[in-house]
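In: could you work out the structure for the sequence below:
(one chain, ligands or ions: 2)
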Amino acid sequence: MYVTEEIDIKNEIKRLKKDLNAVILAHYYQESDIQDLADFVGDSLELSKQAARTNAEIIVFAGVHFMAETAKILNPMKKVLIPDLTAGCSLSDSCPAPLFKKFREEHPDYVAVTYINSSAAVKALSDIICTSSNAEKIIRSIPEDKKILFSPDRNLGRYLINKTGREMILWDGTCMVHEQFVQEKIIKLKADNPDALLISHPECEEKVLDISDFIGSTSQLLKFVRESDARKFIVATEVGIIHQMKKFCPDKIFIPAPPEDSTCACNECPHMKKNTLEKLYLCMVELQPEIILSEELIEKAYIPIKRMLDLS
Ligand code: 13P
Ligand code: SF4
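Out: Ligands and ions are numbered 1, 2, ... in the order given. This is a model prediction of the structure:
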(Lines give C-alpha, C1' and ligand atoms only; values in the text may rest on other atoms or scores of the structure.)
(Ligands and ions follow the chains in the order given, each with its own letter.)
Protein backbone atom coordinates (compact mmCIF):
# COMPACT_ATOMS: atom_id res chain seq x y z
CA MET A 1 0.00 0.00 0.00
CA TYR A 2 1.19 3.53 -0.82
CA VAL A 3 0.32 6.89 0.69
CA THR A 4 -1.19 9.31 -1.81
CA GLU A 5 -0.37 13.00 -1.69
CA GLU A 6 -3.92 13.99 -0.69
CA ILE A 7 -3.65 12.22 2.66
CA ASP A 8 -2.76 14.42 5.62
CA ILE A 9 -0.61 11.79 7.31
CA LYS A 10 -0.21 13.60 10.63
CA ASN A 11 -3.96 14.08 11.09
CA GLU A 12 -4.65 10.54 9.95
CA ILE A 13 -2.21 9.17 12.55
CA LYS A 14 -3.96 11.22 15.24
CA ARG A 15 -7.37 9.90 14.10
CA LEU A 16 -6.16 6.28 13.96
CA LYS A 17 -4.69 6.62 17.44
CA LYS A 18 -8.16 7.45 18.81
CA ASP A 19 -10.08 4.94 16.67
CA LEU A 20 -7.72 2.09 17.60
CA ASN A 21 -7.26 3.08 21.26
CA ALA A 22 -3.55 3.02 20.50
CA VAL A 23 -0.60 4.67 22.20
CA ILE A 24 2.50 5.78 20.28
CA LEU A 25 5.76 5.39 22.19
CA ALA A 26 8.83 6.94 20.55
CA HIS A 27 12.54 6.94 21.33
CA TYR A 28 14.53 10.19 21.25
CA TYR A 29 16.41 8.98 18.16
CA GLN A 30 13.27 8.96 16.00
CA GLU A 31 12.81 11.67 13.39
CA SER A 32 11.34 14.91 14.78
CA ASP A 33 7.87 14.50 13.23
CA ILE A 34 7.46 11.10 14.85
CA GLN A 35 8.59 12.44 18.24
CA ASP A 36 6.04 15.25 17.94
CA LEU A 37 3.17 12.84 17.21
CA ALA A 38 4.04 10.41 20.00
CA ASP A 39 2.10 10.21 23.26
CA PHE A 40 5.35 9.62 25.05
CA VAL A 41 9.00 10.17 24.08
CA GLY A 42 11.70 8.69 26.28
CA ASP A 43 14.81 6.62 26.84
CA SER A 44 14.80 2.81 26.96
CA LEU A 45 13.92 2.64 30.65
CA GLU A 46 11.12 5.20 30.50
CA LEU A 47 9.65 3.56 27.40
CA SER A 48 9.66 0.16 29.14
CA LYS A 49 7.90 1.69 32.13
CA GLN A 50 5.31 3.35 29.89
CA ALA A 51 4.76 0.07 28.05
CA ALA A 52 4.21 -1.68 31.40
CA ARG A 53 1.57 0.80 32.56
CA THR A 54 -0.39 1.70 29.41
CA ASN A 55 -4.15 1.05 29.22
CA ALA A 56 -4.17 1.33 25.43
CA GLU A 57 -5.17 -1.76 23.45
CA ILE A 58 -2.47 -1.32 20.83
CA ILE A 59 1.11 -0.18 21.38
CA VAL A 60 2.75 1.43 18.35
CA PHE A 61 6.46 1.39 19.07
CA ALA A 62 8.51 3.93 17.15
CA GLY A 63 11.94 2.63 18.04
CA VAL A 64 14.08 -0.38 17.23
CA HIS A 65 13.14 -4.05 17.39
CA PHE A 66 14.51 -4.88 20.87
CA MET A 67 12.49 -2.01 22.34
CA ALA A 68 9.23 -3.18 20.74
CA GLU A 69 10.01 -6.74 21.85
CA THR A 70 10.38 -5.52 25.43
CA ALA A 71 6.97 -3.81 25.17
CA LYS A 72 5.47 -7.11 23.93
CA ILE A 73 7.08 -9.10 26.76
CA LEU A 74 5.52 -6.66 29.24
CA ASN A 75 2.14 -6.80 27.44
CA PRO A 76 1.68 -10.31 26.03
CA MET A 77 -2.07 -9.82 25.49
CA LYS A 78 -1.69 -6.56 23.51
CA LYS A 79 -0.87 -5.96 19.89
CA VAL A 80 2.56 -4.32 19.54
CA LEU A 81 3.26 -2.73 16.16
CA ILE A 82 6.56 -1.37 14.84
CA PRO A 83 6.69 0.77 11.65
CA ASP A 84 9.65 -1.20 10.22
CA LEU A 85 10.28 -4.74 11.46
CA THR A 86 13.88 -4.61 10.19
CA ALA A 87 14.83 -1.68 12.47
CA GLY A 88 17.53 -3.54 14.40
CA CYS A 89 20.53 -2.56 16.53
CA SER A 90 24.23 -3.31 16.05
CA LEU A 91 24.65 -4.08 19.75
CA SER A 92 21.80 -6.55 19.79
CA ASP A 93 23.08 -8.13 16.55
CA SER A 94 26.58 -8.55 18.04
CA CYS A 95 25.22 -11.01 20.58
CA PRO A 96 23.42 -13.99 18.99
CA ALA A 97 21.60 -16.20 21.52
CA PRO A 98 23.51 -19.47 20.76
CA LEU A 99 26.90 -17.74 21.35
CA PHE A 100 25.59 -16.03 24.46
CA LYS A 101 24.37 -19.40 25.79
CA LYS A 102 27.90 -20.79 25.29
CA PHE A 103 29.40 -17.72 27.01
CA ARG A 104 27.16 -18.37 30.04
CA GLU A 105 28.01 -22.08 30.09
CA GLU A 106 31.73 -21.21 30.11
CA HIS A 107 31.15 -19.02 33.20
CA PRO A 108 28.69 -21.03 35.30
CA ASP A 109 29.10 -19.12 38.58
CA TYR A 110 28.59 -15.65 37.12
CA VAL A 111 25.55 -13.39 37.28
CA ALA A 112 24.59 -12.28 33.74
CA VAL A 113 23.68 -8.59 33.63
CA THR A 114 22.44 -7.79 30.13
CA TYR A 115 21.87 -4.40 28.55
CA ILE A 116 18.34 -3.92 27.22
CA ASN A 117 19.87 -3.56 23.71
CA SER A 118 19.62 -7.33 23.20
CA SER A 119 17.17 -9.81 21.69
CA ALA A 120 14.36 -11.46 23.67
CA ALA A 121 16.23 -14.78 23.31
CA VAL A 122 19.35 -13.30 24.97
CA LYS A 123 17.25 -11.67 27.68
CA ALA A 124 15.66 -15.08 28.38
CA LEU A 125 19.18 -16.44 29.07
CA SER A 126 20.08 -13.52 31.42
CA ASP A 127 19.67 -12.95 35.16
CA ILE A 128 18.86 -9.26 35.11
CA ILE A 129 18.45 -6.52 32.48
CA CYS A 130 19.67 -2.93 32.73
CA THR A 131 19.47 0.23 30.65
CA SER A 132 21.98 3.08 30.51
CA SER A 133 19.81 4.96 33.07
CA ASN A 134 19.91 2.31 35.77
CA ALA A 135 23.02 0.23 34.90
CA GLU A 136 25.10 1.54 37.81
CA LYS A 137 22.29 0.85 40.29
CA ILE A 138 21.76 -2.66 38.90
CA ILE A 139 25.49 -3.49 39.12
CA ARG A 140 25.62 -2.17 42.71
CA SER A 141 22.63 -4.40 43.58
CA ILE A 142 24.63 -7.56 42.77
CA PRO A 143 26.17 -9.00 45.98
CA GLU A 144 29.91 -8.27 46.23
CA ASP A 145 30.81 -11.97 46.30
CA LYS A 146 29.14 -12.63 42.93
CA LYS A 147 31.09 -12.42 39.69
CA ILE A 148 29.46 -10.57 36.77
CA LEU A 149 29.17 -11.10 33.02
CA PHE A 150 28.15 -7.88 31.28
CA SER A 151 26.76 -8.01 27.73
CA PRO A 152 26.70 -6.89 24.98
CA ASP A 153 28.17 -3.32 25.13
CA ARG A 154 31.87 -3.32 26.05
CA ASN A 155 31.99 0.51 26.30
CA LEU A 156 29.12 0.72 28.78
CA GLY A 157 30.67 -2.26 30.60
CA ARG A 158 34.09 -0.55 30.84
CA TYR A 159 32.40 2.65 32.07
CA LEU A 160 30.59 0.65 34.78
CA ILE A 161 33.80 -1.07 35.88
CA ASN A 162 35.40 2.38 36.33
CA LYS A 163 32.35 3.74 38.17
CA THR A 164 31.66 0.85 40.53
CA GLY A 165 35.11 -0.77 40.86
CA ARG A 166 33.48 -4.16 40.13
CA GLU A 167 35.40 -6.61 37.98
CA MET A 168 33.29 -7.87 35.10
CA ILE A 169 33.82 -10.03 32.03
CA LEU A 170 32.56 -8.04 29.04
CA TRP A 171 30.94 -9.20 25.82
CA ASP A 172 32.76 -7.58 22.89
CA GLY A 173 29.91 -5.58 21.30
CA THR A 174 29.66 -1.91 20.35
CA CYS A 175 27.13 0.55 18.99
CA MET A 176 27.92 1.44 15.36
CA VAL A 177 26.80 5.06 15.98
CA HIS A 178 28.57 5.83 19.25
CA GLU A 179 31.87 4.25 18.21
CA GLN A 180 32.00 6.81 15.38
CA PHE A 181 32.82 9.63 17.80
CA VAL A 182 36.58 10.03 17.99
CA GLN A 183 38.55 11.89 20.65
CA GLU A 184 40.80 13.86 18.26
CA LYS A 185 37.91 15.52 16.42
CA ILE A 186 36.08 16.30 19.65
CA ILE A 187 39.19 17.85 21.20
CA LYS A 188 39.44 20.15 18.17
CA LEU A 189 35.74 21.06 18.48
CA LYS A 190 36.21 21.75 22.20
CA ALA A 191 39.17 24.02 21.41
CA ASP A 192 37.02 25.94 18.91
CA ASN A 193 34.19 26.20 21.46
CA PRO A 194 35.86 26.63 24.86
CA ASP A 195 32.55 27.64 26.47
CA ALA A 196 30.81 24.37 25.47
CA LEU A 197 30.33 21.33 27.72
CA LEU A 198 30.84 17.88 26.22
CA ILE A 199 27.96 15.55 27.10
CA SER A 200 28.17 11.90 26.08
CA HIS A 201 26.23 8.64 26.09
CA PRO A 202 28.07 5.81 27.92
CA GLU A 203 28.04 3.75 24.70
CA CYS A 204 30.86 6.06 23.47
CA GLU A 205 34.44 4.83 23.61
CA GLU A 206 36.46 5.32 26.81
CA LYS A 207 38.67 7.98 25.16
CA VAL A 208 35.57 10.14 24.53
CA LEU A 209 34.08 9.47 27.97
CA ASP A 210 37.42 10.44 29.57
CA ILE A 211 37.14 14.01 28.25
CA SER A 212 33.36 14.39 28.84
CA ASP A 213 31.84 16.88 31.28
CA PHE A 214 28.74 14.74 31.76
CA ILE A 215 27.86 11.12 30.87
CA GLY A 216 24.33 9.74 30.87
CA SER A 217 21.45 8.02 29.11
CA THR A 218 19.47 10.06 26.57
CA SER A 219 17.00 11.23 29.25
CA GLN A 220 19.81 12.06 31.65
CA LEU A 221 21.55 14.13 28.94
CA LEU A 222 18.29 15.99 28.30
CA LYS A 223 17.79 16.66 32.02
CA PHE A 224 21.40 17.86 32.31
CA VAL A 225 21.11 20.46 29.53
CA ARG A 226 17.79 21.72 30.97
CA GLU A 227 19.25 22.20 34.43
CA SER A 228 22.76 23.39 33.50
CA ASP A 229 23.77 27.06 33.58
CA ALA A 230 25.92 26.46 30.50
CA ARG A 231 24.64 27.83 27.16
CA LYS A 232 26.50 25.58 24.73
CA PHE A 233 26.87 21.79 24.51
CA ILE A 234 28.72 19.34 22.28
CA VAL A 235 26.39 16.34 22.11
CA ALA A 236 28.03 12.91 21.68
CA THR A 237 25.05 10.73 20.96
CA GLU A 238 22.59 10.18 18.11
CA VAL A 239 21.47 13.56 16.72
CA GLY A 240 17.72 12.87 17.18
CA ILE A 241 17.93 13.88 20.86
CA ILE A 242 18.79 17.45 19.84
CA HIS A 243 15.16 17.93 18.73
CA GLN A 244 13.98 17.67 22.37
CA MET A 245 16.97 19.67 23.65
CA LYS A 246 16.06 22.57 21.35
CA LYS A 247 12.39 22.33 22.33
CA PHE A 248 13.15 22.60 26.04
CA CYS A 249 16.05 25.05 25.72
CA PRO A 250 15.46 27.20 22.61
CA ASP A 251 18.11 29.71 23.71
CA LYS A 252 20.91 27.19 24.13
CA ILE A 253 23.27 25.96 21.41
CA PHE A 254 23.71 22.25 20.65
CA ILE A 255 26.59 21.07 18.47
CA PRO A 256 26.39 17.45 17.29
CA ALA A 257 29.72 15.68 17.92
CA PRO A 258 31.34 14.95 14.56
CA PRO A 259 31.55 11.33 13.41
CA GLU A 260 34.90 9.90 12.28
CA ASP A 261 33.87 10.13 8.63
CA SER A 262 32.49 13.66 8.27
CA THR A 263 31.27 12.98 4.73
CA CYS A 264 28.40 10.82 5.97
CA ALA A 265 25.62 11.22 8.54
CA CYS A 266 26.92 8.36 10.67
CA ASN A 267 25.89 10.02 13.91
CA GLU A 268 22.38 9.07 12.80
CA CYS A 269 21.30 5.55 13.74
CA PRO A 270 20.38 3.91 10.42
CA HIS A 271 18.17 1.43 12.26
CA MET A 272 16.18 4.05 14.17
CA LYS A 273 15.81 6.09 10.99
CA LYS A 274 14.23 3.14 9.14
CA ASN A 275 10.97 4.19 10.78
CA THR A 276 9.37 7.02 8.79
CA LEU A 277 6.13 8.96 9.18
CA GLU A 278 4.71 7.09 6.20
CA LYS A 279 5.59 3.68 7.66
CA LEU A 280 4.13 4.75 11.01
CA TYR A 281 0.86 5.63 9.28
CA LEU A 282 0.80 2.42 7.21
CA CYS A 283 1.45 0.17 10.21
CA MET A 284 -1.55 1.73 11.94
CA VAL A 285 -3.75 1.22 8.88
CA GLU A 286 -2.62 -2.35 8.21
CA LEU A 287 -2.09 -3.34 11.87
CA GLN A 288 1.28 -4.77 10.94
CA PRO A 289 4.24 -5.37 11.16
CA GLU A 290 3.43 -6.87 14.54
CA ILE A 291 5.85 -8.24 17.14
CA ILE A 292 5.10 -11.94 17.60
CA LEU A 293 6.89 -13.97 20.28
CA SER A 294 6.20 -17.45 21.63
CA GLU A 295 4.58 -17.74 25.06
CA GLU A 296 7.59 -19.64 26.36
CA LEU A 297 10.03 -16.94 25.25
CA ILE A 298 7.85 -14.20 26.76
CA GLU A 299 7.69 -16.02 30.10
CA LYS A 300 11.47 -16.53 30.25
CA ALA A 301 12.44 -13.04 29.07
CA TYR A 302 9.94 -11.41 31.46
CA ILE A 303 11.80 -12.59 34.58
CA PRO A 304 15.04 -10.55 34.16
CA ILE A 305 13.11 -7.51 32.85
CA LYS A 306 10.79 -7.61 35.88
CA ARG A 307 13.84 -7.82 38.20
CA MET A 308 15.14 -4.64 36.58
CA LEU A 309 11.79 -2.80 36.85
CA ASP A 310 11.46 -3.79 40.52
CA LEU A 311 14.84 -2.17 41.18
CA SER A 312 14.23 0.98 39.09
P1 13P B 1 18.94 5.20 26.03
O2 13P B 1 18.34 4.16 26.94
O3 13P B 1 19.92 6.08 26.72
O4 13P B 1 17.87 5.98 25.36
O5 13P B 1 19.79 4.45 24.91
C6 13P B 1 19.22 3.69 23.90
C7 13P B 1 20.13 3.47 22.80
O8 13P B 1 19.90 2.68 21.91
C9 13P B 1 21.36 4.23 22.78
O10 13P B 1 22.04 4.02 21.63
FE1 SF4 C 1 21.58 0.26 18.62
FE2 SF4 C 1 23.40 2.18 18.51
FE3 SF4 C 1 21.18 2.44 17.10
FE4 SF4 C 1 21.13 2.63 19.79
S5 SF4 C 1 22.13 4.03 18.36
S6 SF4 C 1 19.71 1.48 18.50
S7 SF4 C 1 22.69 1.13 20.36
S8 SF4 C 1 22.77 0.86 16.80
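In: return the set of buried residues in stretch 57-70.
Out: Within stretch 57-70, the residues scored as buried using 16 or more other Cβ atoms under 10 Å are 58-70. Bear in mind the C-beta positions are built from the backbone N, C-alpha and C, glycine included.
In: okay, and which of these map to helices?
Out: Under the assignment DSSP state H, the buried residues of stretch 57-70 contribute His65, Phe66, Met67, Ala68, Glu69, Thr70 to helices.
In: count of neighbours near the closest residue to the second one other than its chain neighbours?
Out: In space, and not counting its chain neighbours, Phe66 is closest to Ser92: 4.9 Å by Cβ to Cβ, 6 or more residues apart in numbering. Ser92 has 25 neighbouring residues, counting by other Cβ atoms under 10 Å.
In: is the host helix or strand of Ser92 in proximity to ligand 2?
Out: For Ser92, the element it lies in under DSSP states H and E is helix 90-93. Yes. With Cβ under 6 Å from any ligand atom as the criterion, ligand 2 is reached by helix 90-93 at Ser90, Leu91.
In: now do the buried residues in the longest helix along the chain.
Out: The helix spanning the most residues in the chain, taking DSSP H as the definition, is helix 295-311. Buried residues in helix 295-311, counted by 16+ other Cβ under 10 Å: Leu297, Ile298, Lys300, Ala301, Tyr302, Pro304, Ile305, Arg307, Met308.
In: again, but for stretch 153-165
Out: For stretch 153-165, burial by neighbour count (16+ other Cβ under 10 Å) applies to Asp153, Arg154, Asn155, Leu156, Gly157, Arg158, Tyr159, Leu160, Ile161, Thr164.
In: spell out which parts of the protein neighbour ligand 2.
Out: 64, 89-91, 117, 175-177, 203, 238, 269, 271-272.
In: circling back: what does the helix holding Ser92 contact?
Out: When contacts are defined by Cβ atoms under 8 Å, 6 or more residues apart in numbering, helix 90-93 is touched by residues 64-66, 115, 117-119, 122, 152-153, 173-177, 203, 271.
In: what about that helix, near ligand 1?
Out: No. Judged by Cβ under 6 Å from any ligand atom, helix 90-93 stays clear of ligand 1, getting no closer than 7.4 Å.
In: mean confidence (pLDDT) on that helix, please.
Out: Helix 90-93 comes out with an average pLDDT of 97.
In: now the element after it, going C-ward?
Out: helix 97-106.
In: okay, now the unreliable bits of this structure?
Out: The chain contains residues with pLDDT under 70 at 1-2, 4-5, 264-266.
In: tell me which residue is most central in it.
Out: Geometric centre of the chain, nearest residue: Ser44, 4.7 Å, by Cα atoms, centre = their mean.
In: got the contact list for it?
Out: His27, Met67, Thr70, Ile116, Asn117, Thr131, Ser132, Ser133, Ser217.
In: pick out the residue of the stretch 201-312 of the chain closest to ligand 2.
Out: Relative to ligand 2, the nearest point of the stretch 201-312 of the chain is Cys269 (3.4 Å; Cβ to the nearest ligand atom).
In: so how far is Leu91 from that residue?
Out: According to Cβ to Cβ, to the nearest Å, Cys269 and Leu91 sit 11 Å apart.
In: and for Leu47?
Out: From Leu47 to Leu91 the distance is 16 Å (Cβ to Cβ).
In: what does the protein have sitting close to ligand 1?
Out: So far as Cβ under 6 Å from any ligand atom goes, the chain lies against ligand 1 at Asp43, Ser44, Asn117, Thr131, Ser132, Cys175, His201, Glu203, Ser217, Thr218.
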